[in-house]
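Engineer: Take a look and give me a structure for this.
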Amino acid sequence: MGSKFLSAFAMAILAANVAAAADVVELKYATVAPESTPWGKHFAKSSEAAENASDDTLKIDMYFSSQLGDEPTVVRQVVRGRIDIAGQSNTATALVVPEFALLAAPFLFKDVEQSDCVFDNHVQSIFGPLLYDKGLVLLSYMEIGYPSLYSKTPVQTVADIQDMKVRVAPSSPYPLYWNETGAAALPLGGADSVPALKTGRVNALHTSTVFGLAVGYHKLAPHVTYLPSHHDIGAVVMSKKTWLELTPEQQEAMMVMGKDVSELRKTIRDTEQVLLEKAAGEDGIHVYRPSGEALEEFKSHAEKAQIALVESIGESAVPIWEQIQAAIKECGG
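Structural biologist: Below you'll find the model as predicted:
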C-alpha cells in the first residue's frame, strides 16, 4: 500500500507541475537594439517586471540585435502574431500607422518638459486606438532622444548644409525637413548608412545621438552637430492576436512595461551628454551646438516641413495633428 500510495502521490505532483507549466504563456520579444544599450537594458528590465506582475504566468524571451529580422520585418510579423512583442523606432511604427510619424515633426516641442508632458499624458490616448485598429497594442512609448548630424565638413549654420548629401531615416519627417533647409536628403536604412558615407553617396549621417556616437559614426565623419530638430520616440507594441489570448490579469501585467519610461528617458539624456563630451575631447573630433541666431534659422524651416508632413500622410493625418497640437497647448504650448 505504501509504495502504491507514494507512486500515486508522485504522479499527482508530476501532473500538477505539467499543468502549471502548460499555463505559462511564452512570448517572443524582438528588437534591433543590442542587449548592452540603454534600450536593450530597459526592455529586459520591463519584461522581467511584466513577468513578475503576472505571477510568473508569462515568460518573455528576448531577441536582441535584429535576431528575428530588421524592424520592417519584425513589425509585420507582430501584426500577424508570429512575433508577440517589439521594441521599435518611430520609423517602424509609422509603417503600420503613418500618423505616428507626426510625433517626429521638426521642432514640434519648445523643450523637453513639454514633450515629456505630451508623451506621458497623450500618446496612449491618441495613438493607442489607431495601432489597435491595425493589429497592435501600444504597451509603452520609449525615449530615443535627440539626433545629431555626423558630417565630413563643419555644420554650424543653415548655410553650411546647402546641397550637402545627408543620410536620413526612411520616414517622412526627416527628408522633408532637411530638404527644406537646402540639404539633399537621402532616406536610407541603418545598414546602408556607413557604406553610403564611405563611398561618397552621402557626406553626412543624421541619426540618434546615442546610437551614432556609441557605434563610432564620428570616427568616419568627425564633425558632430547636436541639433534638437526632432524629438524621437519609439514604441513597445504587442500583437493584438496575442493580446486577445491573454487573461485580463496577464494583459494588466503587460501594461507594466509602460510604467518606468522616465528612467529610460533620464538614461538616454544623460548618456547623450556624456558621449558628446567624450567625443569633444577626442583628437580631430569637433562637436557643435547651434544656438542663438543659428538655431533660430534652423527652426525657421520647421513650419513648412510640418505642413508638408501632414499633407504627405493625407487627410487622416489632419485630425491627429489637431489632437497633437491640442496636447501641446495643454502642456504649456
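Engineer: What ranges does the stretch 1-150 of the chain have for its helices?
Structural biologist: Taking DSSP state H, counting those that start in this stretch as the test, the helices found in the stretch 1-150 of the chain are 2-23, 38-53, 71-80, 90-96, 112-121, 123-133.
Engineer: repeat for the stretch 201-333 of the chain
Structural biologist: Going by DSSP H, counting those that start in this stretch, the stretch 201-333 of the chain shows helices at 209-215, 217-220, 240-245, 248-254, 261-280, 292-299, 302-313, 317-330.
Engineer: Which elements pack onto the longest one?
Structural biologist: When contacts are defined as 3 or more CB pairs under 8 Å, 6 or more residues apart in numbering; DSSP states H and E, helix 261-280 packs onto helix 38-53, helix 112-121, strand 136-145, helix 209-215, strand 223-226, strand 286-288. All C-beta spots, glycine's among them, are computed from the backbone N, C-alpha and C.
Engineer: how about a cut-off of 7 Å?
Structural biologist: helix 38-53, strand 136-145, helix 209-215, strand 286-288 (3 or more CB pairs under 7 Å, 6 or more residues apart in numbering; DSSP states H and E).
Engineer: who's in contact with Glu297?
Structural biologist: Thr157, Val158 (CB atoms under 7 Å, 6 or more residues apart in numbering).
Engineer: Now tabulate the helices and strands packed on helix 261-280 in TSV and tack on distance to Ile320, mean neighbour count and mean pLDDT.
Structural biologist: As requested, those are exported to TSV (distance: least, CB to CB, whole Å; neighbours: other CB atoms under 10 Å; pLDDT from 0 to 100):
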stretch	distance to Ile320	mean neighbour count	mean pLDDT
helix 38-53	26	20	96
strand 136-145	14	24	96
helix 209-215	27	22	94
strand 286-288	34	18	98
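Engineer: out of these, nearest to Val79?
Structural biologist: Smallest distance to Val79 across the helices and strands packed on helix 261-280 (CB to CB): 6.4 Å, for strand 136-145.
Engineer: so which of the helices and strands packed on helix 261-280 gets nearest Lys59?
Structural biologist: helix 38-53 (6.5 Å).
Engineer: For the closest one, output the C-alpha coordinates as PDB.
Structural biologist: Extracted C-alpha coordinates of helix 38-53, given in PDB (Å, rounded to 0.1, in the frame of the first residue of the first chain):
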ATOM      1  CA  PRO A  38      20.100  51.600 -22.700                       C
ATOM      2  CA  TRP A  39      17.200  50.400 -24.800                       C
ATOM      3  CA  GLY A  40      18.200  46.700 -24.500                       C
ATOM      4  CA  LYS A  41      18.600  47.000 -20.700                       C
ATOM      5  CA  HIS A  42      15.200  48.800 -20.500                       C
ATOM      6  CA  PHE A  43      13.400  46.100 -22.500                       C
ATOM      7  CA  ALA A  44      14.900  43.300 -20.400                       C
ATOM      8  CA  LYS A  45      14.000  45.100 -17.100                       C
ATOM      9  CA  SER A  46      10.500  45.900 -18.100                       C
ATOM     10  CA  SER A  47      10.000  42.300 -19.400                       C
ATOM     11  CA  GLU A  48      11.000  41.000 -16.000                       C
ATOM     12  CA  ALA A  49       8.600  43.400 -14.300                       C
ATOM     13  CA  ALA A  50       5.800  42.100 -16.500                       C
ATOM     14  CA  GLU A  51       6.600  38.500 -15.800                       C
ATOM     15  CA  ASN A  52       6.600  39.200 -12.000                       C
ATOM     16  CA  ALA A  53       3.300  41.200 -12.300                       C
END
